[in-house]
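Enquirer: Sequence and predicted structure, then a few things I'm wondering about:
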Amino acid sequence: MSHDQVRVTRALLSVSDKDGLVAFATALDRLGIALVSTGGTHKALREAGLPVTEVADLTGFPEMMDGRVKTLHPGVHGGLLAVRDNPEHQAALAAHGIRAIDLLVVNLYPFEATVAKGAAYDDCVENIDIGGPAMIRAASKNHADVAVVVDVADYADLLAELEANAGSLHAQTRRRLAQKAYARTATYDAAIANWLAGQIESAATPTYRAFGGSLAQPLRYGENPHQSAAFYRSPGLPRPGVATARQLQGKDLSYNNLNDTDAAYECVAEFDPARSAAVAIIKHANPCGVAEGASLVEAYERALSCDPTSAFGGIVALNRPLDAEAARRIVEIFTEVIIAPDASAEAIAIVAGKKNLRLLLADGLPDPRGAGETVKTLAGGLLVQARDAAVVDDMPLTVVTQRAPSEREYADLRFAYRVAKHVKSNAIVYARDGATVGIGAGQMSRVDSARIAAWKAAEGAKRLGATESLAKGSVVASDAFFPFADGLIAAAEAGATAVIQPGGSMRDADVIKAADAAGLAMVFTGHRHFRH
């Protein structure tokens, strides 16, 4: 037999997830493969009537310390690490009575699931696997001779190859399994390290940082067809959104769909569903319309009216369960994705009439104040920062102009600032009566964003046959300070009556003077919302 194939004669099984275990082990036994196992795995196989040796019989030591010590022994690791064509290794096996192990089947203690369910600190620590990762790494290093399986989903393919090749596995299979095994232990260790970092107040910038995830969905391509891509779920406490959502219908989500849907759902989550219905319509990760309303359909109509041209082919995010009335209206124009916490049966049936429209139900809203990190890749490194969890409702709004905002203006200022947090910088948002009327995003100069947003508000008036721009009587939010008075003057000329911005510019006095001259009310938040 060529070294390309290795005959499997002995397998060690030690699994936390016993789904499919007995059927898999029965098939191995049928192929003449001797079985060795630990603790609960051994018990399950014995109860199934399979011939199986306990690891304690290999090591000469019983499991001890509540199962913490059972496989950390040369009787196990020698069998996994011995190179088959190395005479010295073979002599060591013979001298110490160690038998080679050709197949390792391990899945790890459910640390990530334990953290995700909010378990106590000590319970999380107890679910950190030690022996499992050690065995996986040993078998993976020796993949020239040993196959390692860490995923129940690989049982069927492995058995098919063993049965087709008289109990042997190809080198390429062993190499592929080893890569997956190393990635699994890396993801596992990353989850532990990041969880521990979160338990230590001073660990915002630990010396080493690792991130990992499990494949949720291979994608046809990335942002462009020549880029490969995939979607991975992060371990730990899940944040409601695209990673938790059930897709009820429609085509597979693309890279851009996933990115835009995440942006849409994070934006709409800024609006408390107990206070009002809210809808955000997103295109290319930027809001093209956001509004509150007494009902979802009212909020959708108001959000759509901000920029219906850009909304075509967009993502619609709702802060309440999708109802039939809103569903009927949304499906009237081409929409890529609808995402909501839930949906009524009637609404689901209505959306089903558009077979390509994706409907995602996330079973909850993400907490805009929730902790977490965002990660961006750079050439040769990563940029890691805390999530922007600042919420305008928690900010003291300091009046800096001669005129203070009216009660209506205050409500709109807070609304506009919630939206500005989710618009790419430089961001300017005009809003009135709980709806955006003009949005300027991603410009290199703030004054240009102010002018674009004003132009969109004027175009909106033309569509409605109004004689005045929709910005007339609106408020304006800026995600960062105005470096010069020109952006604020452009907002005043468009018809805005009040402004919300962080403040902090060297020219704040000039900007405040311009606001007073225009009769604007202006408040500073002290919090910037850059989004790049």
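Expert: On my side now, so go ahead.
Enquirer: Measure how far the helix or strand of the chain with the lowest mean pLDDT is from the centre of its chain, please.
Expert: Using mean pLDDT, DSSP states H and E, helix 55-59 stands out as the lowest-scoring helix or strand of the chain, at a mean of 71. Centroid separation for helix 55-59 versus its chain: 42 Å, with C-alpha atoms, centre = their mean, to the nearest Å.
Enquirer: Which strand or helix spans Ala23?
Expert: In the assignment (DSSP states H and E), Ala23 maps to helix 21-30.
Enquirer: Take that helix, keep the C-alpha atoms, and write them as CSV.
Expert: Extracted in CSV, the C-alpha atoms of helix 21-30 (Å, rounded to 0.1, in the frame of the first residue of the first chain):
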residue,chain,number,x,y,z
LEU,A,21,-21.8,8.4,17.8
VAL,A,22,-23.2,4.9,18.1
ALA,A,23,-24.0,4.6,14.4
PHE,A,24,-20.6,5.9,13.5
ALA,A,25,-18.8,3.6,15.9
THR,A,26,-20.9,0.6,14.8
ALA,A,27,-19.7,1.3,11.2
LEU,A,28,-16.1,1.5,12.3
ASP,A,29,-16.5,-1.8,14.2
ARG,A,30,-18.0,-3.4,11.1
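Enquirer: tell me what the least confident helix or strand of the chain is packed against?
Expert: If you count contacts as 3 or more C-beta pairs under 8 Å, 6 or more residues apart in numbering; DSSP states H and E, helix 55-59 packs onto strand 34-37, helix 74-81. Glycine gets a C-beta too; all of them are placed from N, C-alpha and C.
Enquirer: Please report how far the residue lying closest to Pro238 once chain neighbours are set aside lies from Met395.
Expert: Leaving aside its chain neighbours, Pro238 sits nearest to Thr244 (5.0 Å; criterion: C-beta to C-beta, 6 or more residues apart in numbering). Thr244 is 29 Å from Met395, where distance means C-beta to C-beta, to the nearest Å.
Enquirer: circling back to that earlier point, just put the helices and strands packed on helix 55-59 in JSON lines and tack on mean pLDDT, distance to Gly473 and mean neighbour count.
Expert: Formatted as JSON lines, these follow (pLDDT from 0 to 100; distance: least, C-beta to C-beta, whole Å; neighbours: other C-beta atoms under 10 Å):
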{"stretch": "strand 34-37", "mean pLDDT": "88", "distance to Gly473": "74", "mean neighbour count": "22"}
{"stretch": "helix 74-81", "mean pLDDT": "77", "distance to Gly473": "74", "mean neighbour count": "21"}
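Enquirer: can you redo these as TSV with distance to Ala191?
Expert: Formatted as TSV, these follow (distance: least, C-beta to C-beta, whole Å):
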stretch	distance to Ala191
strand 34-37	26
helix 74-81	24
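Enquirer: Under the pLDDT cut-off, which ranges of this structure? List them.
Expert: 1-3, 59-72, 201-204, 236 (pLDDT under 70).
Enquirer: okay, which residue of it is out on the far edge from center?
Expert: Distance from the C-alpha centroid of the chain peaks at Ala95, with 51.4 Å (C-alpha atoms, centre = their mean).
Enquirer: is it fair to say it lies in a strand?
Expert: No. According to DSSP: H, G, I helix; E, B strand; the rest coil, Ala95 belongs to no strand; its state is helix.
Enquirer: check contacts around it.
Expert: With contact set as C-beta atoms under 8 Å, 6 or more residues apart in numbering, Ala95 has no partners.
Enquirer: Let me know how buried the nearest residue to Arg432 once chain neighbours are set aside is, in neighbour terms.
Expert: In space, and not counting its chain neighbours, Arg432 is closest to Ser474: 4.1 Å by C-beta to C-beta, 6+ apart. Using other C-beta atoms under 10 Å, the number of residues around Ser474 comes to 28.
Enquirer: Go ahead and confirm Ser474 touches Ala457.
Expert: Yes. Counting by C-beta atoms under 8 Å, Ala457 is a contact partner of Ser474 at 7.1 Å.
Enquirer: Quickly list what's touching both of these two.
Expert: With C-beta under 8 Å, 6+ apart as the test, Ser474 and Ala457 both reach Tyr430, Val437, Gly438, Ala494, Gly495.
Enquirer: quick one: the residue nearest to Arg432 and Leu413, what's the gap?
Expert: Relative to Leu413, and taking C-beta to C-beta, Ser474 is found at 10 Å.
Enquirer: contacting residues for Asp272?
Expert: Counting by C-beta under 8 Å, 6+ apart, the residues that Asp272 touches are Asn319.
Enquirer: wait, I meant Pro133
Expert: Per C-beta under 8 Å, 6+ apart, neighbours of Pro133: Leu108, Thr185, Tyr188, Asp189.
Enquirer: want to throw those into JSON lines with neighbour count, secondary structure and distance to Glu47?
Expert: Formatted as JSON lines, the contacts of Pro133 follow (neighbours: other C-beta atoms under 10 Å; DSSP: H, G, I helix; E, B strand; the rest coil; distance: C-beta to C-beta, whole Å):
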{"residue": "Leu108", "neighbour count": "23", "secondary structure": "coil", "distance to Glu47": "23"}
{"residue": "Thr185", "neighbour count": "20", "secondary structure": "helix", "distance to Glu47": "29"}
{"residue": "Tyr188", "neighbour count": "22", "secondary structure": "helix", "distance to Glu47": "28"}
{"residue": "Asp189", "neighbour count": "15", "secondary structure": "helix", "distance to Glu47": "33"}
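Enquirer: Now do Asn356: how many residues are near it, please.
Expert: 10.
Enquirer: Repeat that for Pro225.
Expert: Around Pro225 there are 8 residues (other C-beta under 10 Å).
Enquirer: helix/strand/coil for it?
Expert: Note that with three-state DSSP, the state of Pro225 is coil.
Enquirer: mind checking how far it is from Leu219?
Expert: Taking C-beta to C-beta, one finds Pro225 at 11 Å from Leu219.
Enquirer: what do you get for Pro51?
Expert: Applying C-beta to C-beta to Pro51 and Leu219 gives a distance of 45 Å.
Enquirer: out of these two, which sits in the more crowded spot?
Expert: A direct count of neighbours by other C-beta under 10 Å for Pro51 and Leu219 places Leu219 higher, at 18 against 9.
Enquirer: Report the contact partners of that one.
Expert: Neighbour list for Leu219: Ala229, Ala230, Phe231, Asp252, Leu253, Ser254, Tyr255, Leu258 [criterion: C-beta under 8 Å, 6+ apart].
Enquirer: can you do 6 Å?
Expert: Neighbouring residues of Leu219 by C-beta atoms under 6 Å, 6 or more residues apart in numbering: Ala229, Ala230, Tyr255.
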